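>>> Everything below, folded, please.
(2 chains)
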Amino acid sequence: MKRLHVLLTMLLLLCVLLPISAQGAKADASDEVVITMGSWRTDDVEQMNRLLEAYKKLAPEVTIKFQPTNPPDYNATLRLQLDSGTGPDLMYARSYAAGQELYNAGYFADCTDIPGLKENFSPSNLAPWQMSDGTMFAVPFAAVSHAVYYNKDIFKKEDLSIPHNWEAFLLLCSTLEKKGYTPIANGLADEWDILETFFFGLLPNYIGGADMRVQYENGELPLNDKNFVEAYQAMADVARYCPDGFESVTYNDSQVLFNSQKAVMFVDGSWTAGVYKDASFDWGLFAIPAPKGKSTAICFHPDMAITMNKATKYPEEAKAFLAWLCTEEGATTASQNLPSGYFPMINFPIKLEDPHANEFLSLNAGKKTDARFVWPKLMNLYAPMNQAVIKVMKGDITAKQAADSVQALM
Amino acid sequence: MRPNHARHLPWLLYLAPALLVYTVFMAFPLIDSLRLSLFSGNNQATRIFVGLENFKRLFSDPEISTRYWGAFFNTWKFFLVHLVVQNGLGIFFAVLLTHETMKGRHIYQTIIFIPTTFAVLITGYLWKLMLNPVWAGDFLVSIGLPFLKHPYLGDTNTALWAVSLVSCWQWLGIPTMMFVAALRNINIELLEAARLEGAGNVKTFWYIKLPLIKPVVGIIAVLTFVNNFNAFDIVFAMENVNGAPEYSTDLIGTLFYRYGIAGQHPIGIPDAGLGAAIATITFLLLIALVIPTLRKTQRGA
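Below is the predicted model:
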């Protein structure tokens, strides 16, 4: 019985103490405004904190806390938080459908009238975070690019040069294979990477830029035309140069293969550039080359934007931060603190310091660019296209069958 | 009658805390999730009653129904491998371990049981590396077994078997331990009598030991069934939530996670109602099969 009394007393004490400590936290916050920022970039805590510190110098009464979530869980976690009313005040917004859906659900604030937004971004950079009626639901923050990473040391040693068309690229792979190297590090096990980095990376070479993509979206061109079949065929042709057992090679495995010089090339997104910062070899980049007779185009994908919670307690402060991102000063500070491989989308000419980041940007020069093919309108084709690419690389189906299987769902 | 009732009252009082916790944290969420399967929308405010629409979609939408039946049969395969391999080996090892001539029993018991104490995410990841020809291929060649070099987890014909067998390896210790306990409870006189009558090891097993541990066999079959139909972690650790390659390791658990909790990559819009419909069907299936199994094996136990 005595023990029960002790337990009861402790429970009672706990009940009394909890509200006190909760109130304590509140009392602290009343002097200054603390707003939270949700993100899927767990790797960027350091850079974002530097950016937010820079902002604090301008607005000393506002503290913005960066609280990222594991990337694959971000959409689900954010939804749970927003559904239960505990969402962050500021948050990263995905482009196109994923972002539009959250705006429609009433969670994202209308950002259309944020000063500088309409003036300082080009229409094509605004589009990914725009509703069909022109309402903006976020401020564009950064884009990513896709290219072939290659080991410069091995290229030099074997006296190889950058291929300028797809046929030369396959020839280069075959030369490397004969010399005993694994030409390409990509694998299939994680599924998303082969589609997003490789297939969507080379697709603009076969179908062209945004103007052509629109024709596929509205049905003027079928998704099993000659261009698409050739693109699937390219994936089939390149499969033999992927590692032995590439069916079970994950994205991490690919990175390790390239980083440990076991594989010579890796078709990947710009966001990985930071991983090879300390690589023991010299590496460079080239655009995924187009087949003979076509011009090389780049998959330059609008990736991150920042928006504010419609239900935030501090709408003025959150809005002020977003407006700062639309100014030249804010965008420059932000870009300098972006991790390498993320590129500013604002119109001001911003100089990046990282040489590899500039190498990526230089690939865009004089070429058409576009977002990843399915993102703007055809997101429901993501999974079928992913499976089609995997099957064609395994040799289970032909390129024509792969294209037909996707077109059948249009 | 009256005094009888009064006698029960204190009993109820002692049961109350457990009952309360059980109701709030188990029974209510369970019933609520059954209710959820009749609604659409993710948010309390926008949730609408749609009747059996979610179930209709699950079985008539070509995309969703293909995925559901794929996951359904994969889960059965996953379960049957466990039933045969994990529980079969469990009985086999338990009989060996309890045999009177067995030496070093504790050492073997420990070896068999240790994997169950590891985290699935870690064992799954280690096996994923070991089964990957890129990392383990050179080793297999160096020990003269190059024909074993195969992308087991990337091949649709082998992936589900590989995942199932790794799971069997990990959980083998549990049925083994329970069978050992059951076999030790058998009266030694029965076994001696059987031996005097001239029964060998095989006959003793089939006619004496197995019938006597039948209730445990039943319980373990039911536990395996329930656990396997809720399995998710091992596929998550060794493949991905899509049940790669080409949905060949997609289980009801991963399907439920994709539709009901996380949403499909890359949009990630979950459909809680559809998820709840999948969970409800699994729940009914479990009840429909568990109750007769328990009735049959637990009679007289």
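>>> distance of residue B:82 from residue A:393?
Plainly put, residue B:82 is 32 Å away from residue A:393 if you go by CB to CB, to the nearest Å. Backbone N, C-alpha and C define where each C-beta goes, glycine included.
>>> Sticking with residue A:264, tell me its helix or strand.
Assigned by DSSP states H and E, residue A:264 belongs to strand A:263-269.
>>> Does anything pack onto that strand? Which helices or strands?
strand A:139-151, helix A:166-178, strand A:182-184, helix A:251-259 (3 or more CB pairs under 8 Å, 6 or more residues apart in numbering or on different chains; DSSP states H and E).
>>> For those, could you give me JSON lines that also reports mean neighbour count and mean pLDDT?
What follows is the helices and strands packed on strand A:263-269, written out as JSON lines (neighbours: other CB atoms under 10 Å in any protein chain shown; pLDDT from 0 to 100):
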{"stretch": "strand A:139-151", "mean neighbour count": "25", "mean pLDDT": "95"}
{"stretch": "helix A:166-178", "mean neighbour count": "17", "mean pLDDT": "97"}
{"stretch": "strand A:182-184", "mean neighbour count": "24", "mean pLDDT": "97"}
{"stretch": "helix A:251-259", "mean neighbour count": "21", "mean pLDDT": "94"}
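>>> Among the ones you listed, which comes closest to residue A:385?
strand A:139-151 (15.7 Å; CB to CB).
>>> buried residues in whichever helix or strand comes after the closest one?
Proceeding N to C from strand A:139-151, the next assigned helix or strand is helix A:152-157, under DSSP H and E. Buried residues in helix A:152-157, counting neighbours by 16 or more other CB atoms under 10 Å in any protein chain shown, are found at A:154, A:155.
>>> Also stretch A:208-227?
Result for stretch A:208-227 [16+ other CB under 10 Å]: buried residues A:208, A:209, A:212, A:213, A:216, A:217, A:221, A:223, A:224, A:227.
>>> Can you show me the strands along chain A?
Here chain A has its strands, by DSSP state E, at A:33-39, A:62-68, A:90-93, A:139-151, A:182-184, A:263-269, A:283-286, A:298-308, A:369-370.
>>> Please list all residues in contact with residue B:253.
Listed by CB atoms under 8 Å, 6 or more residues apart in numbering or on different chains, the contact partners of residue B:253 are B:75, B:229, B:230, B:231, B:232, B:235.
>>> Residue of the stretch 1-150 of chain B nearest chain A, please.
residue B:133 (3.4 Å; CB to the nearest CB).
>>> What separation do you get for that residue and residue A:188?
13 Å.
>>> Could you do residue A:180 as well?
23 Å.
>>> one step back: surely the residue of the stretch 1-150 of chain B closest to chain A touches residue A:244?
Yes. Counting by CB atoms under 8 Å, residue A:244 is a contact partner of residue B:133 at 5.7 Å.
>>> Mutual contacts of those two, please.
residue B:149.
>>> who has more neighbours, those two?
Higher neighbour count among residue B:133 and residue A:244: residue B:133, with 22 against 12, using other CB atoms under 10 Å in any protein chain shown.
>>> The more buried one: what's it in contact with?
A:244, A:245, A:248, B:140, B:149, B:150, B:151.
>>> Excluding chain neighbours, give the residue nearest to it in space.
residue A:245 (3.4 Å; CB to CB, 6 or more residues apart in numbering or on different chains).
>>> hang on, isn't the one you found packed against residue B:135?
No. In this structure residue A:245 lies outside contact range of residue B:135 using CB under 8 Å: 9.4 Å.
>>> pLDDT at the most centrally placed residue in chain A, what is it?
The centroid of chain A falls nearest to residue A:303 when counting by CA atoms, centre = their mean (4.5 Å). Confidence at residue A:303, expressed as pLDDT, is 91.
>>> show me what contacts the nearest residue to it once chain neighbours are set aside?
Nearest non-adjacent residue to residue A:303, counting by CB to CB, 6+ apart: residue A:144, 4.7 Å away. By CB under 8 Å, 6+ apart, the residues touching residue A:144 are A:269, A:270, A:271, A:300, A:301, A:303, A:341, A:342, A:343.
>>> What are the buried residues along stretch A:231-248?
Buried, per 16+ other CB under 10 Å, within stretch A:231-248: A:231-239, A:241-243, A:245-248.
>>> For the closest residue in space to residue A:231 that isn't next to it in sequence, give me its contacts.
Leaving aside its sequence neighbours, residue A:231 sits nearest to residue A:206 (CB to CB, 6+ apart; 4.2 Å). With contact set as CB under 8 Å, 6+ apart, residue A:206 has these partners: A:227, A:228, A:230, A:231, A:234, A:290, A:291, A:294.
>>> How about the lengthiest helix in chain B and chain A, any contact?
Longest helix in chain B, counting residues (DSSP state H): helix B:272-298. No. Helix B:272-298 stays clear of chain A (CB under 8 Å from any CB of the partner chain), getting no nearer than 9.6 Å.
>>> gap between that helix and the chain center?
13 Å (CA atoms, centre = their mean, to the nearest Å).
>>> try stretch A:72-79
Worked out by CA atoms, centre = their mean, stretch A:72-79 lies 15 Å from the chain centre.
>>> Return the set of buried residues in it.
For stretch A:72-79, the neighbour count (16+ other CB under 10 Å) marks A:72, A:74, A:75, A:76, A:77, A:78, A:79 as buried.
>>> Same check on stretch A:278-294?
A:283, A:285, A:286, A:287, A:288, A:289, A:290, A:291, A:294.
>>> Quote the end-to-end distance of it.
36 Å (CA to CA, to the nearest Å).
>>> what's that stretch in contact with?
A:146-154, A:162-169, A:198, A:201-202, A:205-206, A:230, A:234, A:259, A:261, A:267, A:276, A:296-298, A:356, A:359-360, A:363, A:367.
>>> Same question for stretch B:77-90.
Contacts for stretch B:77-90 (CB under 8 Å, 6+ apart): B:160-161, B:163-165, B:167-168, B:171-172, B:174-176, B:178-179, B:217, B:220-221, B:224-225, B:228-229, B:231, B:251.
>>> Stretch A:323-336 now?
Taking CB under 8 Å, 6+ apart as the rule, stretch A:323-336 contacts A:51, A:54-55, A:58, A:114-117, A:120-121, A:139, A:141, A:306, A:343-344, A:346, A:348, A:350, A:352-353.
>>> Run the chain-centre distance for it.
With CA atoms, centre = their mean, you get 20 Å for stretch A:323-336.
>>> Quick one: residues contacting residue 257.
I'll assume chain A. Residue A:257 touches A:182, A:185, A:243, A:249, A:263, A:266, B:134, counting by CB under 8 Å, 6+ apart.
>>> not what I meant, chain B
Per CB under 8 Å, 6+ apart, neighbours of residue B:257: B:232, B:236, B:241.
>>> where does it land in three-state SS?
Using DSSP: H, G, I helix; E, B strand; the rest coil, the structure places residue B:257 in helix.
>>> gap between it and residue B:9?
In terms of CB to CB, residue B:257 sits 45 Å off from residue B:9.
>>> Could you check the pLDDT of residue 19?
Since you didn't name a chain, this refers to chain A. Value for residue A:19, per-residue pLDDT: 45.
>>> my bad, the chain I had in mind was chain B
91.
>>> Can you give the distance from the helix or strand harbouring it to the centre of its chain?
Here residue B:19 sits within helix B:2-22, counting by DSSP H and E. Relative to the mean C-alpha coordinate of its chain, helix B:2-22 is positioned 34 Å out (CA atoms, centre = their mean).
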